[in-house]
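1. Just a sequence and a predicted model for now, questions to come.
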Amino acid sequence: MSAGLEARLLRLQVEGRLPSIVGALVRDGEVVETAGIGAEPGTAYRIGSITKTLTAVLVLQLRDAGRLSLADPLGAHLPGAPYGEVSIADLLGHTGGLQSEPAGPWWERSEGGSFADLQAANDGTGAVAPAGSWFHYSNLGYGLLGEVVARAHGTTWWSTVADRLLSPLGMSRTTYAPVAPHADGFSVEHFTGRLTPEPLTDTGAMAAAGQAWSTLADLARWSRVLAGRCPEVLAPATAAEMATERAGSGYGLGLRLVEVAGRPWCGHTGSMPGFLASLFVDPARADATVVLSNATTGLACEAVPETLTAQPEAAPPEAPWQPTLRVPEAAADALGLWFWGNTAIEHRWHDGGLEQRHLQGGGAGSRFELRDGRLVGVRGYHRGEVLTVHPTHLECATFIHTRVPYDPRAPIPG
């Protein structure tokens, strides 16, 4: 295990309040370092939209086999489907003008139905722009592409993923549903730091947009495909085509594009309720970074390759962040959003104390900890002062905080 990689993951874990995080560094297509904070590196996580790279490769395989053209309208392969006039290329590159999400309940938190259900709920009236106008990320577009893949092979989208991608690459830990050992997904309550379990859903016809689970080792293998190093799965020229930017969008054909230390990298981010993921590779060198975590928010996934490879690294935090198990009764009513006059301030329970954070400019405020049942300042301007909780407001050394903005010239609230 690399102290450098572990230190960088620890910083991400603490700053993002992540229940766990695992990461890997890949050099020339080979995993050289792994580390984990709160989980072992072999743990499986939901990978969200990294799933789209699997779907995109399957579509490009069909193109390379002469079974479709990227210029084909969707309707040529899915008669009667919504957005039938949009080209396959525009669906792959999110330039088809489709709405971002399918109509109906939020698909990521809902049990998915059949493609017929998806088609019936979406008639094309949700379009945000004419096809080819501009980049607009669309999960719905990849649900439609998944059905193109399924019909072309006469089976399900996932069976095609398994047969044509996972089996040839030995990616046995990449699965449709979680297989132990796997992480559970959580959201972190903003003000308390407590964990809330996120739902685990089968997204049905939308699975091609974000259903899969995987591990560091499997995604490291997959990075070689995206780098054009696995011609038995994807022709190197086709991999390069996927990583070519379209219309200044920062996106190619199924791949996000970022710059790391002045070099072009490609890959994808992933987000599903309770999970965040990042996979990016330098196509020229086949160097890659992979990070997986089990929180709904808290990780800047596109910034991960820069974070893990930049030099030098600042001193890491002293210890991992720990979720809150219980907020003391004396502090519970002091948490949340408050105003000092018109200035917004949040109060979080964090690492056993109450922390003030100024929303304007993001500056740090004071930290208070319980001393004999009182909230006493231990850091910042209010060090040594007592924060008193009143029924209508908070008070600390004549500073008044209320739940709504107030005119500082007016009488003290309450």
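-> All right, it came through fine. Note that the coordinates shown come from a computational prediction; the quantities given were computed from them, not determined experimentally.
2. show me the residues around the residue nearest to T388 when sequence neighbours are not counted that make contact.
-> Here the nearest residue to T388 in space, its sequence neighbours aside, is E395; by CB to CB, 6 or more residues apart in numbering that works out to 4.9 Å. Every residue, glycine included, has its C-beta placed from N, CA and C. Going by CB atoms under 8 Å, 6 or more residues apart in numbering, E395 touches L387, T388, H401.
3. can you check R27 too?
-> Residues near R27 by CB under 8 Å, 6+ apart: D287.
4. in the sheet, who's paired with it?
-> Using DSSP bridges, the bridge partners assigned to R27 are E30.
5. on that earlier part again, doesn't the residue nearest to T388 lie inside a strand?
-> Yes: assessed by DSSP: H, G, I helix; E, B strand; the rest coil, E395 belongs to a strand.
6. now it: how far from L299?
-> Here the criterion is CB to CB, to the nearest Å. By it, E395 lies 37 Å from L299.
7. V233 touches L166, doesn't it?
-> No: contact status for V233 versus L166: not in contact, 10.2 Å apart, counting by CB atoms under 8 Å.
8. Of those two, give the one with the bigger neighbour count.
-> Relative neighbour count places L166 above the other of V233 and L166, with 21 against 17, counting by other CB atoms under 10 Å.
9. just to revisit the earlier point, closest one of the contacts of E395 to G42?
-> For G42, the nearest member of the contacts of E395 is L387. The distance, counting by CB to CB, is 44.7 Å.
10. Now do the same contact list for the closest one.
-> With contacts taken as CB under 8 Å, 6+ apart, L387 has the following neighbours: A334, L354, F368, L375, V376, G377, L394, E395, C396.
11. which residues of the stretch 51-200 of the chain fall in helices?
-> Secondary structure of the stretch 51-200 of the chain (DSSP state H, counting those that start in this stretch): helices at 51-64, 88-92, 115-121, 139-153, 157-161, 167-169.
12. An error on my part: the question was meant for the stretch 251-400 of the chain.
-> 304-309, 329-332.
13. okay, those helices, which one's buried deepest?
-> Most buried of those, by mean neighbour count (mean count of other CB atoms under 10 Å): helix 304-309, with a mean of 22.
14. What number of residues are in the vicinity of the closest residue to L308 other than its chain neighbours?
-> Computed as CB to CB, 6+ apart, the closest residue to L308 that is not its neighbour in sequence is T289, at 4.7 Å. Other residues within reach of T289 by the criterion other CB under 10 Å amount to 27.
15. Hmm, T289 is touching V22, no?
-> No: in this structure, T289 sits apart from V22 without contact. The criterion is CB under 8 Å, and the distance is 11.8 Å.
16. about what we covered before: so what's the residue nearest to T388 bridging to?
-> Going by DSSP bridges, E395 is paired in beta bridges with T388, I400.
17. how near is it to E346?
-> When E395 is compared with E346 (using CB to CB), they lie 17 Å apart.
18. and if you look at R194?
-> When distances are taken as CB to CB, R194 and E346 turn out to be 16 Å apart.
19. swap in A35?
-> Between A35 and E346 the computed distance is 31 Å (CB to CB).
20. Give me the more crowded residue out of those two.
-> Legend: neighbour count by other CB under 10 Å for A35 and E346, higher for A35 (21 against 16).
21. tell me the phi and psi of the more buried one?
-> phi -160, psi 160 (degrees, to the nearest 10).
22. correct me, but it touches E6?
-> Yes: applying CB under 8 Å, one finds A35 in contact with E6, separated by 4.1 Å.
23. Flag the shaky bits of the stretch 1-150 of the chain, pLDDT-wise.
-> Counting by pLDDT under 70, the ranges of the stretch 1-150 of the chain that qualify are 1-3.
24. Could you list the buried residues of stretch 285-294?
-> Of the residues in stretch 285-294, those with enough neighbours to count as buried (16 or more other CB atoms under 10 Å) are A286, D287, A288, T289, V290, V291, L292, S293, N294.
25. again with stretch 377-388
-> By neighbour count on 16+ other CB under 10 Å, the buried set for stretch 377-388 is G377, H382, E385, L387.
26. Kindly report the same for stretch 387-405.
-> L387, H393, L394, E395, C396, I400, H401, T402.
27. do the same with stretch 9-29
-> Burial within stretch 9-29, assessed by neighbour count using 16+ other CB under 10 Å, is assigned to 9-14, 16-26, 29.
28. again with stretch 103-119
-> Those buried within stretch 103-119 under the rule 16+ other CB under 10 Å are W107, E108, S110, G112, G113, F115, L118, Q119.
29. which ones are touching the last one?
-> Same thing as Q119. Shown here is Q119, whose contacts under the criterion CB under 8 Å, 6+ apart are G80, A81, P82.
30. So which of the residues you listed wins on neighbours?
-> Across those, neighbour numbers were computed from other CB under 10 Å; P82 holds the maximum, 25 neighbours.
31. nearest residue to that one other than its sequence neighbours?
-> Nearest residue to P82 in three dimensions, chain neighbours excluded: G124, at 4.2 Å (CB to CB, 6+ apart).
32. Kindly report the same for V188.
-> In space, and not counting its chain neighbours, V188 is closest to R17: 5.0 Å by CB to CB, 6+ apart.
33. what's the one you found sitting at in phi/psi?
-> Note on R17: backbone dihedrals following degrees, to the nearest 10 are phi 50, psi 60.
34. List the residues that contact it.
-> The neighbours of R17, taking CB under 8 Å, 6+ apart as the test, are V188, G193, A295, G298, W321, P323.
35. Any chance of these in CSV with pLDDT as columns?
-> Converted to CSV, those look like this (pLDDT from 0 to 100):
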residue, pLDDT
V188, 98
G193, 97
A295, 98
G298, 98
W321, 96
P323, 97
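36. Nearest to V258 among the residues you listed?
-> In terms of CB to CB, no member of the contacts of R17 lies closer to V258 than G298, at 19.2 Å.
37. Hmm, D351 and Q322 touching each other?
-> Yes: distance between Q322 and D351: 7.0 Å, which falls inside the contact criterion (CB under 8 Å).
38. Can you give me the distance of the residue nearest to P82 to S110?
-> Distance, G124 to S110, by CB to CB: 21 Å.
39. give me the number of residues near T192?
-> 19.
40. Oops, could you answer that again for T51 instead?
-> Other residues near T51 come to 29 when the count uses other CB under 10 Å.
41. where does the closest residue to it other than its chain neighbours land on pLDDT?
-> If you skip the residues right next to it in sequence, T51 has A212 as its closest partner in space, 4.3 Å away by CB to CB, 6+ apart. Here, the pLDDT recorded for A212 equals 98.
42. Noted, bye for now.
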